[in-house]
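In: Sequence and computational prediction follow.
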Amino acid sequence: MGQIDGFLKFDRELPSSRDPKERLTDYKEIYEPFAEEKTNKQAARCMDCGIPFCHNGCPLGNHIPDFNDAVYNDDWKSAIEILSSTNNFPEFTGRICPAPCESSCVLGINKPPVAIEHIEKSIAEYAFENGLIKANPPKVRTGKSVAIIGSGPAGLAAASQLNTAGHNVTVFERAEKIGGLLRYGIPDFKLEKWTIDRRIKLMEDEGINFKTNANVGVNISVDSLNANFDALLLCGGSTVPRDLPLPGRDLNGIYYAMDFLTQQNKRIGSVPFLEQDLWATDKNIIVIGGGDTGSDCVGTSNRHGAKSVTQIELLTKPPTGRMDQNPWPEWPMTLRTSSSHDEGCERDWSVLTKEFIGDENGKVTGLKIVEITWTEKGFEEAAGTEKILPCDMVLLAAGFLHPQKEGLLDQLDLEFDNRGNVKATNYKTSNPNVFAAGDMRRGQSLVVWAISEGREAARALDFSLTGQSELPSKHISSYALS
């Protein structure tokens, strides 16, 4: 490593966040600029550890010590080459990944881990600003064509890889703009959408075709794709939300989190929509679900000017530090407080929702809840703790069940696993010309996992089309082979 004792000399430091009072007035990303020399010092903290567990923690298998060393030595060209060998979109993961690599960092055993996510974002932005990332279309085309359905992170990663292999790639997206979850699910204060537009322009320059408002199985026939493409790759995501079929569920004012978030992203992106306007302004908001989607609802509600925001979770409140049964380098099951929580939110755990309460006009006015205690057999209600939380809007952020089956999947007549996801062995479905990747195949997961799925599916599909593949996988990267 460039500075063998950097982890002893420098403390972990990250960019400062803008003041909450300021950032609640806009939807821009929340972080202040960070000096390049400070990023060099953060890279210097990467140890010359015997086994870099960060490799295993990263779903993409990024060569983290190598690009950290390059950044420390101010060799940004090598840094982006190393990073791009395993990650198609470091500008996305450097902003929105929960950084499982940092949880596996050896330095993290007894010190704050290396700021890997920040370094990754810094490499990507330096490379874009200085012309180190540019269109690189394949020199030779194979004559094979692939249709990718879904333009989220899995679909985009697969498209990039398959295009690199020389195949003619067309991405079909049923929404008005490309990006899937990246564009419509993640708020701009976490991922501004110019980052997506910048990457899509680059991919178009490399020869990838994008078709929007193209709902395969509805306004685009499955038969036409089968007739015009050598293979199909399904990357439609896990889009069916988990409901709470409780008394009062039909009251007005109860919405799925993704409907609320998608609509706000469309407003910012000047994309028209026909649905009822969903605003949290001057309302008491209750978010059911303690994960990232729930946190995004909190941040969006606060930017709307909500009167109050409360987030409740069925599970027990996590500890602030690792427990003995959750040792390093496992993913830490610890309490996480997001920037949205810092902006204003009441949080409660071990809370069971029993009923939605409404008025004579059919409008939700409250949530009947009870505290619970978890046991080995499940949970028990705590006697005397039942109460009604007043609210004007409820946002359901309890996760997703499986992909939508009506339309495309039903028409393809595919097999599903016991969770309702598309069944695919080595990314190949029960139809030999149809592959699947991302949340549609493995279930609801992280953006970084979706990128990994897209890359691995591209390799499997490339091999199926040509009988060989030079595309890298997590275990055989182009950097490792160079």
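Out: The structure has been received and is ready for your questions.

In: in the stretch 1-150 of the chain, which ranges drop under the pLDDT threshold?
Out: Counting by pLDDT under 70, the stretch 1-150 of the chain contains low-confidence ranges at 1-2.

In: Ends of stretch 144-152, what's the gap?
Out: Across its full length, stretch 144-152 reaches 23 Å between end residues, using CA to CA, to the nearest Å.

In: Would you map the helices across the stretch 51-200 of the chain?
Out: Secondary structure of the stretch 51-200 of the chain, counting by DSSP state H, counting those that start in this stretch: helices at 54-57, 64-72, 76-84, 90-96, 100-103, 116-129, 153-164, 181-184, 194-205.

In: For those helices, could you give me a markdown table that also reports mean neighbour count and distance to Asn136?
Out: In short, each C-beta sits where N, CA and C put it, glycine included. Output for the helices of the stretch 51-200 of the chain, formatted as a markdown table (neighbours: other CB atoms under 10 Å; distance: least, CB to CB, whole Å):
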| stretch | mean neighbour count | distance to Asn136 |
| --- | --- | --- |
| helix 54-57 | 20 | 26 |
| helix 64-72 | 25 | 19 |
| helix 76-84 | 21 | 10 |
| helix 90-96 | 24 | 16 |
| helix 100-103 | 23 | 26 |
| helix 116-129 | 22 | 13 |
| helix 153-164 | 28 | 8 |
| helix 181-184 | 23 | 22 |
| helix 194-205 | 16 | 9 |
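
In: export these to a markdown table and tack on distance to His341?
Out: Shown next, in a markdown table, are the helices of the stretch 51-200 of the chain (distance: least, CB to CB, whole Å):
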| stretch | distance to His341 |
| --- | --- |
| helix 54-57 | 24 |
| helix 64-72 | 28 |
| helix 76-84 | 30 |
| helix 90-96 | 16 |
| helix 100-103 | 19 |
| helix 116-129 | 19 |
| helix 153-164 | 25 |
| helix 181-184 | 21 |
| helix 194-205 | 24 |
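
In: what lines up beside whichever strand in the chain runs longest in the sheet?
Out: The residue-count maximum for a strand in the chain (DSSP state E) belongs to strand 364-375. Take DSSP bridges as the rule and strand 364-375 pairs in its sheet with strand 351-358 (antiparallel), strand 378-381 (antiparallel), strand 387-390 (antiparallel).

In: Could you list the buried residues of it?
Out: For strand 364-375, a neighbour-count test (16 or more other CB atoms under 10 Å) marks Val364, Thr365, Gly366, Leu367, Lys368, Ile369, Val370, Glu371, Ile372 as buried.

In: Mind putting those into TSV with pLDDT?
Out: Shown next, in TSV, are these (pLDDT from 0 to 100):
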residue	pLDDT
Val364	98
Thr365	98
Gly366	98
Leu367	98
Lys368	98
Ile369	98
Val370	98
Glu371	98
Ile372	98
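
In: Would you mind giving the domain segments of this structure?
Out: 6-129, 145-239+401-477, 243-398 (automatic domain parsing).

In: Output the ones you listed as TSV; include the columns distance to Ala135.
Out: Output for the domains of the chain, formatted as TSV (distance: least, CB to CB, whole Å):
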stretch	distance to Ala135
domain 6-129	12
domain 145-239+401-477	4
domain 243-398	24
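
In: Which of the ones you listed sits closest to Pro137?
Out: domain 145-239+401-477 (4.5 Å; CB to CB).

In: How far off centre is that closest one?
Out: Taking CA atoms, centre = their mean, to the nearest Å, one finds the center of domain 145-239+401-477 at 15 Å from the center of the full chain.

In: May I see the buried residues of the helix or strand hosting Asp223?
Out: Secondary structure from DSSP states H and E places Asp223 in helix 222-228. Using 16+ other CB under 10 Å as the test for burial, helix 222-228 gives Val222, Leu225, Asn226.

In: go on, stretch 388-397?
Out: For stretch 388-397, by 16+ other CB under 10 Å, it's Leu389, Cys391, Asp392, Met393, Val394, Leu395, Leu396, Ala397.

In: who touches stretch 41-54?
Out: Here stretch 41-54 makes contact (CB atoms under 8 Å, 6 or more residues apart in numbering) with 1-4, 6-7, 9-10, 12-13, 62, 64-65, 68-69, 71-72, 101-102, 104-107, 114-116, 118-119, 329.

In: related to what we said a few turns ago, just after the helix holding Asp223, pick out the following helix or strand.
Out: strand 231-234.

In: Strand partners (parallel or antiparallel) of that following strand?
Out: Strand 231-234 has these strand partners (DSSP bridges): strand 145-149 (parallel), strand 434-436 (parallel).

In: For Ser78, find the nearest of those.
Out: strand 145-149 (30.9 Å).

In: what angle sits between that closest one and helix 153-164?
Out: Orientation check (axes from the mean of the first three to the mean of the last three CA atoms, to 10 degrees): strand 145-149 against helix 153-164 gives 170 degrees.

In: quick one: contacts of strand 145-149?
Out: With contacts defined as CB under 8 Å, 6+ apart, strand 145-149 is touched by 155, 158-159, 162, 167-172, 216, 225, 228-236, 408, 461, 465.

In: Of all the residues in stretch 378-391, which ones are buried?
Out: Residues Leu389, Cys391 are the ones in stretch 378-391 that count as buried (16+ other CB under 10 Å).

In: average pLDDT across that stretch?
Out: Averaging pLDDT along stretch 378-391 gives 97.

In: swap in stretch 238-254?
Out: Stretch 238-254 comes out at a mean pLDDT of 97.

In: Return the set of buried residues in that stretch.
Out: By 16+ other CB under 10 Å, the buried positions in stretch 238-254 come out as Ser238, Thr239, Pro241, Gly248, Leu251, Gly253, Ile254.
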